[in-house]
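# sequence first, predicted model second:
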Amino acid sequence: MKTLLGSIKKRYNEFIERLAKENEKSFGNGRLDCCQLNKNTKTNVKNK
């Protein structure tokens, strides 16, 4: 039972790390600011 829980925990942690890397690629290292995100979205919509 202990190895099963360890395996699940390991997989979960690997998933979280992959998710963090993808978020860093998409949004950068800085703090997410809703005003800044909205500004970028509005600019992108106008350019389409």
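Happy to help now that I have it.
# where does this structure have low pLDDT?
For the chain, the stretches with pLDDT under 70 are 1, 37-48.
# all helices of it, in order?
2-27, 34-47 (DSSP state H).
# tell me which residues of the longest one are tucked away?
Think helix 2-27. Buried residues in helix 2-27, counting neighbours by 16 or more other C-beta atoms under 10 Å, are absent. Glycine gets a C-beta too; all of them are placed from N, C-alpha and C.
# off-centre distance for it?
Averaged C-alpha coordinates place helix 2-27 at 11 Å from its chain's average position (C-alpha atoms, centre = their mean, to the nearest Å).
# also stretch 16-35?
Computed by C-alpha atoms, centre = their mean, the separation of stretch 16-35 from the middle of its chain amounts to 5 Å.
# got the end-to-end distance for that stretch?
The first and final residues of stretch 16-35 sit 26 Å from each other (C-alpha to C-alpha, to the nearest Å).
# ok, and what's touching that stretch?
When contacts are taken as C-beta atoms under 8 Å, 6 or more residues apart in numbering, stretch 16-35 has no neighbours outside the stretch itself.
# going forward, the N-terminal residue is numbered 59.
In the new numbering, first residue 59, that becomes stretch 74-93.
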